[in-house]
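Visitor: dropping a prediction and its sequence here:
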Amino acid sequence: MSKIIAITSGKGGTGKSSICAELGFALAKQGHRTLIIELDFGLRCLDIMLGVKDDVKYDLGSVISGEVDVYQATTPVKIASNLSLVCAPEDPFSKVDAATIKRICEEMRKYYEYIIVDTSAGTNESVFDVVEQSDLILINTTADPICVRDARAMSDEFYKRGNKKQRLIINKIDPDIFQSDIVKDLDDIIDTVGVQLIGVIPNDDAVVISTGKGIPLPSGSNAFKAFDAISRRIKGEDVPLSFKMLLQ
């Protein structure tokens, strides 16, 4: 049975799309057929992050309009043989309902082991309707108190809707942040959001270079190790949560 993973955040700028790209790459590198569906209409970026901006012929807008089916709108990612992408429409005014996304995901389950849904940021109704259909919700935040509060708001709404399949990713962590008065420690963030932690990603220039050039993360980078560990926890592997190496 394939797994649908929604990656979402209460606020833009938390690195949600880069997490989608790098987790997709990690799962594909481990031999799993993986599809990323991008829903950030008008602000698509995963084609650049995954190095396929010149290869995309059709996008989700083409599927919604009936021009092509979802298979024709799926672009293979060259840097990972098991990874494919369905890009968001370039038109920011394109609209799609949760039922359509659910139908597309269910259709693609037959061909992919993991389907990663990159939602738009924010707490609008359509995001909740799309995300709550997933098998796993990854809520992403940084240490920024505004992002943490917005992540808590999203989590609370999912709990109200009866969805407990949530895990927390804390992104762009720099050890210097804990020397300030902004946040005391990782536990402070986890307790505020109220969601079980699945991984911490360090602030690493390698991610900016990787996603900007559309190339794989270096396997020796701390960010790669973090994404690899998170992907294995998603699969149910017992990977200890250890941050000392990542926060050096």
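Guide: Done, it's in. Residues are numbered from 1 along each chain as shown.

Visitor: show me where this protein has helices.
Guide: For the chain, helices defined by DSSP state H occupy the ranges 16-29, 46-49, 60-64, 98-108, 125-131, 145-160, 186-193, 205-213, 222-234.

Visitor: most packed of these?
Guide: The highest average neighbour count among these, using mean count of other Cβ atoms under 10 Å, belongs to helix 16-29 at a mean of 26. Placement of C-beta: from N, CA and C, glycine included.

Visitor: between that helix and helix 205-213, how many degrees?
Guide: Relative orientation of helix 16-29 versus helix 205-213 (axes from the mean of the first three to the mean of the last three Cα atoms, to 10 degrees): 90 degrees.

Visitor: and helix 16-29, what's its mean pLDDT?
Guide: Across helix 16-29, the average pLDDT comes to 96.

Visitor: got it, and stretch 119-129?
Guide: The average pLDDT within stretch 119-129 is 64.

Visitor: quick one: end-to-end length of that stretch, please.
Guide: Start-to-end span of stretch 119-129 (Cα to Cα, to the nearest Å) is 11 Å.

Visitor: and stretch 75-90, by the same measure?
Guide: Start-to-end, stretch 75-90 (Cα to Cα) is 15 Å.

Visitor: what is the least confident helix or strand in the chain?
Guide: Lowest by mean pLDDT, DSSP states H and E among the helices and strands of the chain is helix 125-131, with a mean of 67.

Visitor: what sits against the nearest residue to G194 once chain neighbours are set aside?
Guide: Sequence neighbours aside, S155 is the residue nearest to G194 in space, at 5.7 Å (criterion: Cβ to Cβ, 6 or more residues apart in numbering). Going by Cβ atoms under 8 Å, 6 or more residues apart in numbering, S155 touches 139, 166, 193-195.

Visitor: out of the residues you listed, who's the most crowded?
Guide: Neighbour counts for those, by other Cβ atoms under 10 Å, peak at I139, which reaches 27 neighbours.

Visitor: so what's that residue up against?
Guide: Applying Cβ under 8 Å, 6+ apart, the residues near I139 are 8-10, 151, 154-155, 166-169, 193, 195.
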